[in-house]
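Participant: Give me coordinates for this.
(one chain, ligands or ions: 1)
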Amino acid sequence: MSTTRRNLLIGTGVVAAAAAVPGVQYAGWQMKDFTRAGYDPAPPPPPEGHVAWSNWSGIQTATPANIAVPASEDELAGLLKGAGHVRPVGSGHSFTGLVPCNDVIVDVSRLSGVSAADASAGTATLGAGTRIRAAARDLEAAGLGLPNLPDIDVQTLAGCFATSTHGTGRTLHAMHAQIDGFRLATASGDILDVTADSHPELFSAGKVNLGALGVMTQYKLTCVPSYNLVRRVWVDTLDAMIEQAESLAQQHRNFEFYYFPFTGYAAGISHDIFEGEVTGRAQGEDDETLEGLKDLRDVFGWSPWLRRQIAAGSLPKGVVEESSDAYWKLLSTARPTKFNEMEYHIPVDNGLACLRDVIKAIETRKDTYFPMEVRFTGQDDAWLSPFNSGTRLSIACHAAANEPYDYFFSLIEPIHLAHGGRPHWGKLHSLGYEQLVQMYPRFQDFCDLRKQLDPDGKFLNPYLARLFGEDDHA
Ligand SMILES: Cc1cc2nc3c(=O)[nH]c(=O)nc-3n(C[C@H](O)[C@H](O)[C@H](O)COP(=O)(O)OP(=O)(O)OC[C@H]3O[C@@H](n4cnc5c(N)ncnc54)[C@H](O)[C@@H]3O)c2cc1C
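Facilitator: You can find the predicted model right below:
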């Protein structure tokens, strides 16, 4: 039997307690509108003959002439030969300006599915547009699995590899570390079949590529035998969680924790290999916890002390969930509430000190309430992998999609940089060429290779031009 998942904060209880809090400060706080200036959930209307596109959170928008969905590599190659500017898109779950383009956005979702799987060799070949969940489900049918998954599973393989998407696990790696080979459609419309032996440099550059080298059509991946996990979720004080974080990360296959701002409490989540009969995932909604935290902010945000007391009284302590299932049914969950996010990857030795500084900074802003996420990822060797110089601790800050996030840049990013952090390529950051070339030993090599493959900048947009120091192309 699985333990029933319990809502981590009882929203209605929080609101009811407000009745006991009279006063001018409370009344003033109640009048506040937390919506950010200029927020508009709808993408801009496209000009005649164009179409509208926006990313998941709505902060990146574009009105390209066409969103092309080629049915084959040949069709894609033909399209690339004649096109002006082109940007590949996956499922649009990046927060940075990687995709917007006025000419053609290319979606390879028709190039998807498992085309070969060899359980004895532990390898599989999949279309680049395959969504993670479909990949995991179909690989399981062949007795194979992916070693790790991110928080959600709707991203495409090409999209998540391109930005070094990761899950958590001190001895595990970001998703792209499983790549054995890929097929790439270049600016000239050629299709390259790339492995470490055939094109050693392109292979190391292409695993994490920001969609800047061409359009991926297929991947060959190293897989593991399919497996089940047991998941545990528990609530403890932030101090205890931070103190034990290193040993919990050593002890568990996957360990991460969320800190609930202004509460002093955190939720730990571990996953370990499970070999018995599975219980299935316990029912419950992570979004109810989020609503509870929002209520707490809306009602008690004016008084950090009171907010902490109410949270301490209403949060359950100890284990709140235990369930077991196939790995892909546990590691990723749905995120119905939209948000914007900054995530930096900090060298593990500086990670927890950085986290303490970030929490201190976040808690100078009474309007923050979204949980912060803390994860571990092991080293790999892709040129643009943020994890290529050693194990890193990732710290993610979120803000509701309709609320301000400008403080990520002014308040939080300088702390990450001071601790040696590298940004997640798909999440908000303000860095450009000058900083990135200092941060990544092979960054200039990547830029040179990109230019060699795409001398006319077909795959550049203004955002990428800034990253690669190619402002002439914007
Ligand atoms: C709710 C939510 C949860 C998330 N959770 C995590 C998480 O747990 N861990 C994590 O690391 N990240 C996470 N992310 C970030 C997300 O995984 C990355 O931004 C990822 O790149 C999104 O994949 P996508 O398929 O949506 O690609 P897109 O965002 O559409 O594109 C990403 C990049 O891939 C390129 N690309 C897409 N298709 C191709 C192709 N065929 N060939 C070449 N380039 C291509 C694009 O040009 C772009 O540069 C999360 C994002 C959201 C919104």
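
Participant: how about the strands of the stretch 251-400 of the chain, start to end?
Facilitator: For the stretch 251-400 of the chain, applying DSSP state E, counting those that start in this stretch gives strands covering 254-260, 265-273, 318-326, 339-347, 372-377, 392-400.

Participant: Identify whichever of the ones you listed lies nearest to the ligand.
Facilitator: With distances scored as CB to the nearest ligand atom, the stretch of the strands of the stretch 251-400 of the chain nearest to the ligand is strand 339-347 (6.8 Å). (C-beta placed from N, C-alpha, C; glycine too.)

Participant: Tell me which other helices or strands that closest one touches.
Facilitator: Counting contacts by 3 or more CB pairs under 8 Å, 6 or more residues apart in numbering; DSSP states H and E, strand 339-347 packs against strand 392-400, helix 413-418, strand 422-423.

Participant: Number of residues surrounding the closest residue to the ligand within the stretch 301-450 of the chain?
Facilitator: For the stretch 301-450 of the chain, the residue closest to the ligand is residue 426, as judged by CB to the nearest ligand atom, at 2.5 Å. Using other CB atoms under 10 Å, residue 426 has 23 other residues around it.

Participant: repeat for residue 65
Facilitator: 18.

Participant: Report pLDDT for it.
Facilitator: Residue 65 carries a pLDDT score of 97 in this model.

Participant: Next, give phi and psi for it.
Facilitator: For residue 65, the backbone dihedrals (degrees, to the nearest 10) come out as phi -70, psi -30.

Participant: same deal with the one 3 residues further on?
Facilitator: As for residue 68, its main-chain torsions (degrees, to the nearest 10) stand at phi -90, psi 140.

Participant: re the thing from before, tell me who's in contact with the residue of the stretch 301-450 of the chain closest to the ligand.
Facilitator: 93-96, 98, 162-163, 165 (CB atoms under 8 Å, 6 or more residues apart in numbering).

Participant: do you know how far it is from residue 397?
Facilitator: 15 Å (CB to CB, to the nearest Å).

Participant: swap in residue 317?
Facilitator: Residue 317 sits 25 Å away from residue 397, taking CB to CB as the criterion.

Participant: Of these two, give the one with the bigger neighbour count.
Facilitator: Taking other CB under 10 Å, residue 317 and residue 397 do not tie; residue 397 has more neighbours (29 against 11).

Participant: Wait, the more buried one touches residue 341, no?
Facilitator: Yes. Using CB atoms under 8 Å, residue 397 is in contact with residue 341, at 7.0 Å.

Participant: The ligand contacts on the stretch 351-474 of the chain?
Facilitator: By CB under 6 Å from any ligand atom, the residues of the stretch 351-474 of the chain that approach the ligand are 424, 426.

Participant: could you pull out the helices for the stretch 351-474 of the chain?
Facilitator: 407, 413-418, 433-439, 443-453, 462-467 (DSSP state H, counting those that start in this stretch).

Participant: Packing partners of the second one?
Facilitator: Helices and strands touching helix 413-418, as assessed by 3+ CB pairs under 8 Å, 6+ apart, comprise strand 339-347, helix 348-362.

Participant: Contacts for it next, please.
Facilitator: Applying CB under 8 Å, 6+ apart, the external contacts of helix 413-418 come out as 342, 344, 346, 354, 357-358, 361, 395, 423, 429-430.

Participant: for the third one, same thing?
Facilitator: Counting contacts by CB under 8 Å, 6+ apart, the residues outside helix 433-439 that touch it are 422, 431, 443-444, 447, 466-469.

Participant: Where do the helices of the stretch 51-200 of the chain begin and end?
Facilitator: Under DSSP H, counting those that start in this stretch, the stretch 51-200 of the chain gives helices at 73-82, 132-141, 157-162, 200-206.

Participant: Save those as TSV, and put in mean pLDDT too.
Facilitator: Shown next, in TSV, are those (pLDDT from 0 to 100):
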stretch	mean pLDDT
helix 73-82	96
helix 132-141	98
helix 157-162	98
helix 200-206	98
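
Participant: I'd assumed residue 218 was in a strand, is it?
Facilitator: Yes. Assignment of residue 218 by DSSP: H, G, I helix; E, B strand; the rest coil places it within a strand.

Participant: Let me see the contact set for it.
Facilitator: 111, 115, 125-128, 182-183.

Participant: Pipe the helices and strands packed on strand 339-347 into a markdown table and attach mean pLDDT and distance to residue 34 per row.
Facilitator: Output for those, formatted as a markdown table (pLDDT from 0 to 100; distance: least, CB to CB, whole Å):
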| stretch | mean pLDDT | distance to residue 34 |
| --- | --- | --- |
| strand 392-400 | 98 | 8 |
| helix 413-418 | 98 | 22 |
| strand 422-423 | 99 | 26 |
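
Participant: For the closest residue to residue 447 other than its chain neighbours, give me the pLDDT.
Facilitator: Take residue 447 and drop its neighbours on the chain: the residue closest to it by CB to CB, 6 or more residues apart in numbering is residue 468, 5.0 Å away. Per-residue pLDDT puts residue 468 at 98.
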